[in-house]
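Trainee: show me the folded form of this:
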Amino acid sequence: MNAANNIKPVRKAVFPVAGLGTRFLPATKVMPKEMLTLVDRPLIQHAVEEAQKAGIEEFVFVISPGKEMLKDHFTPHKELNKALEARGKTQELQKLESFEIAEGKLHLAYQDEPLGLGHAIWCAREFIGDEPFAILLPDDVVLGDKPCLSQMIEAYNATGGNLVAVVDVPKEDTRKYGILDIASDDGKLVDIKGLVEKPEPQDAPSTLSVIGRYILQPEIFEKLESHEKGAGGEIQITDAMAKLIGAQPFHGLRFEGTRYDCGHHLGFIEANIAFGMQNSNIGPQVTEILAEYQNSAFPAKAGTL
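Mentor: From the prediction side, this is the model:
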């Protein structure tokens, strides 16, 4: 407990990873979408490392049956570690050990039916208990000097209550996102007076959208308990959050960094380019390759997405 302002620390994080990843078939027929590689690490590892850097101590993966590979990735592989040590591959061994999660700190919650993001979060309730918690959607990755969740934790420690990461979207895209109704805005921190899930552009109260980073109070589970369905016939986390507004502080944070939507082919490709250019090992070569393509004709044949 933060004695100065009575704000409970955020120690736990939920990762909703139960989806089938149908947009990326056939690549995701057997392998979870979250194991798709963004440059040198799976998407799920990018999300977990972001949480670790923000001080998260316990991790809850909400999965569907058959996606246990996600947990295996963070569990020590004793035979592999022993083989790397025997061969003197110290650097590779250190890479593996750097993101492993200690025993008892990684939990699995099962979502047997695809009933929506709100339902996925509700499935994690027993592991969260009565603590505030973070939510990270691995499809959303943020490239910046300071991890997005770390920025959010800093803001949360000042505001308490509930906090979401937000970005401006084109007016015509409001139907794809949870959109904020704004009470006040200082250019970085937004005081939220309402939330609307996927409004039509003419009905949207703003163009400020929630992305896949949240810090929520445990009272959200009470709002999700009724399993009330919203947009798309799914149990929406946005609808449940809206019911907390007025009862608890609720803010949006304009974080520093660039967000990439890896839930779609083009966003995933763009993220690989951006992260590749920032990678210390291959950045210059990636930039060189892009320059070559820019200065010459693209291949005549194109695959299908």
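
Trainee: which SSE is residue 259 in?
Mentor: Element membership for residue 259 (DSSP states H and E) is strand 258-261.

Trainee: give the rounded mean pLDDT of whichever helix or strand comes after that strand.
Mentor: For strand 258-261, the succeeding helix or strand toward the C-terminus, using DSSP H and E, is helix 265-278. Averaged over helix 265-278, pLDDT sits at 95.

Trainee: and helix 265-278, what does it pack against?
Mentor: Applying 3 or more CB pairs under 8 Å, 6 or more residues apart in numbering; DSSP states H and E, one finds that helix 265-278 contacts strand 37-38, strand 140-143, strand 258-261, helix 283-294. C-beta coordinates here come from the backbone N, C-alpha and C atoms, glycine included.

Trainee: what comes up buried for that helix?
Mentor: By neighbour count on 16 or more other CB atoms under 10 Å, the buried set for helix 265-278 is 267-268, 271-277.

Trainee: check stretch 155-175 too.
Mentor: 155-156, 159-167, 169, 174.

Trainee: then stretch 203-223?
Mentor: Using 16+ other CB under 10 Å as the test for burial, stretch 203-223 gives 204, 206-217, 219-221, 223.

Trainee: now do the buried residues in the strand holding residue 259.
Mentor: Residues of strand 258-261 classed as buried: 259-261 (neighbour count, 16+ other CB under 10 Å).

Trainee: nearest to residue 77, of those residues?
Mentor: residue 260 (29.2 Å; CB to CB).

Trainee: gap between the closest one and residue 272?
Mentor: 9 Å (CB to CB, to the nearest Å).

Trainee: for the stretch 101-250 of the chain, what spans make up the helices?
Mentor: Here the stretch 101-250 of the chain has its helices, by DSSP state H, counting those that start in this stretch, at 117-122, 125-128, 148-159, 220-224, 237-242.

Trainee: can you tell me which of those helices is nearest to residue 80?
Mentor: Closest approach to residue 80 among the helices of the stretch 101-250 of the chain is made by helix 125-128 (28.1 Å; CB to CB).

Trainee: good, we can wrap up now.
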